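Asker: Just need the structure, nothing else, for what follows:
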Amino acid sequence: MKTFKIVAGLLAIAFLLSYVWMSQSPISFLYHLVEGTLIAGTIYGIVLLYADCNFRVKRGKGIVFILFATTIATHVMRILYLLDAESKEIKLVYFFKSYLFAHTLMVAGNAVLIGLVVCLLIWLFRQPKQKIIKTTGVSLAVTAVISTLLYLYLQRDMSDEKIYFNYDISTLSDIQDFASYEQKMVYLDFWHSGCRPCLEEFQHHSEFRNLLDNNEVNLMFIGVDRSKPGEKMKQRLLIEKYDLQGTHSFVRLEEFHQILDDAGYDVHTHGSKAFPHHMIIDPDGTVQEIKAEKPTPELAVKLNNMR
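Answerer: Just a heads-up that it's a prediction; the model follows:
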């Protein structure tokens, strides 16, 4: 068991270093450091608890307390990170919004799941050889079937449903080239799966879409936070749920802010960078409105007549 503890510890450290590596600013580094510590610590902590087989021992109580404290610290750092990225003023109310805490709970839950899988593998390797072969074979077969079905479902051709995915769009220049190629007005919608106002808009988006002239206007949705585990899958499911017909791409939060900066966004003039955010690009690739109105019947008429 000592060998398994060492291996689990080394894997946790390697994961933490790789997680921190994606940081692009001091506040991003601190956020990823704390969140990475939560994930790595949870995985390693579960392995230790499995080794002790008792939550009541001194070590067990200490691990549970540390993981609880790290979860709270992760939530706080995530809020600070988002507020800094969106140039918002720090307010106490943000730290108590339940939907903002959902991401941290999902991260902690995923870490617990990974930890349990590691424990299962440790248990498996300690079993007789014949049992290992049989259990491994069944597990691999089930995993392969589930993974294949999920992959085929997510990668299926959706062109008939008028929902298109273009993963090459990640900069303002890419968006402008798209508008020039299509020779249409492009109405951009930046969103993410944890944005409640975004999802509220999506509930009525079909009404807005039906008023648009498809020969004049192209809808583009850009989901933000692509780097988060499972985020792209969650966004794709939401895209299907709300039948968001149009062109879709996914970018990291840093890329979203870079797109706005390249378009000339000024927080003093346009306000904080928040979601949902809309922009209008004309067929020549020119940014007509850097902070456009939300989808409404009036805006649909305006877009149809902007060329």
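
Asker: May I ask which helix or strand encompasses the nearest residue to residue 191 once chain neighbours are set aside?
Answerer: The shortest distance from residue 191 to any non-neighbouring residue, by CB to CB, 6 or more residues apart in numbering, is to residue 198 (3.9 Å). Yep, even glycine has a C-beta here, placed from its N, CA and C like the rest. In this structure, residue 198 is located in helix 196-202 according to DSSP states H and E.

Asker: sorry, back to before: per-residue pLDDT of the residue nearest to residue 191, please?
Answerer: As predicted, residue 198 sits at a pLDDT of 91.

Asker: Tell me how many other residues crowd it.
Answerer: Number of residues near residue 198 (other CB atoms under 10 Å) recorded here: 21.

Asker: do the same with residue 146
Answerer: Neighbours of residue 146 (other CB under 10 Å): 10.

Asker: now do residue 183
Answerer: 13.

Asker: go on, residue 106?
Answerer: Counted with other CB under 10 Å, residue 106 comes out at 16.

Asker: Determine which residue lies closest to the centroid of the protein.
Answerer: The centre of the chain sits closest to residue 231, judged by CA atoms, centre = their mean, with a distance of 3.2 Å.

Asker: wait, doesn't that one sit right on residue 238?
Answerer: No: the criterion here is CB atoms under 8 Å, and residue 231 misses it with residue 238 at 10.6 Å.

Asker: any common contacting residues for those two?
Answerer: residue 193 (CB atoms under 8 Å, 6 or more residues apart in numbering).

Asker: what bits of the stretch 51-200 of the chain have low per-residue confidence?
Answerer: Residue ranges of the stretch 51-200 of the chain with pLDDT under 70: 52-60, 85-87, 99, 129-138, 147, 150-161.

Asker: Dump stretch 261-273 to CSV, keeping only the CA atoms.
Answerer: Taking C-alpha atoms only, stretch 261-273 is exported to CSV below (Å, rounded to 0.1, in the frame of the first residue of the first chain):
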residue,chain,number,x,y,z
ASP,A,261,-9.7,44.4,-26.6
ASP,A,262,-8.9,44.0,-30.3
ALA,A,263,-12.3,45.4,-31.2
GLY,A,264,-11.6,48.5,-29.1
TYR,A,265,-13.5,47.8,-26.0
ASP,A,266,-13.1,50.3,-23.2
VAL,A,267,-14.4,49.6,-19.8
HIS,A,268,-14.8,53.3,-19.0
THR,A,269,-17.0,53.8,-22.1
HIS,A,270,-18.7,50.4,-22.5
GLY,A,271,-18.9,49.2,-18.9
SER,A,272,-17.6,46.0,-17.4
LYS,A,273,-17.0,42.9,-19.6
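
Asker: what's around residue 117, how many residues?
Answerer: Using other CB under 10 Å, the number of residues around residue 117 comes to 12.

Asker: give me the element it is part of.
Answerer: Going by DSSP H and E, residue 117 is in helix 98-125.

Asker: Ok, residue 259 next?
Answerer: Per DSSP H and E: helix 253-262 holds residue 259.

Asker: Then residue 39?
Answerer: Assessed by DSSP H and E, residue 39 sits inside helix 26-52.

Asker: got the buried residues for the following helix or strand past that helix?
Answerer: Sequence-wise, the next helix or strand downstream of helix 26-52 (DSSP H and E) is helix 58-85. By neighbour count on 16 or more other CB atoms under 10 Å, the buried set for helix 58-85 is 60, 63, 67, 70-71, 73-75, 77-83, 85.

Asker: Tell me the helices and strands packed up against helix 58-85.
Answerer: Secondary-structure packing of helix 58-85 (3 or more CB pairs under 8 Å, 6 or more residues apart in numbering; DSSP states H and E): helix 26-52, helix 98-125, helix 253-262.

Asker: So what angle separates the directions of it and helix 253-262?
Answerer: Interaxial angle, helix 58-85 versus helix 253-262 (axes from the mean of the first three to the mean of the last three CA atoms, to 10 degrees): 10 degrees.

Asker: could you show me where the helices are in the stretch 201-307 of the chain, in order?
Answerer: Assigned by DSSP state H, counting those that start in this stretch, the helices in the stretch 201-307 of the chain fall at 205-210, 231-241, 253-262, 267-270, 297-304.
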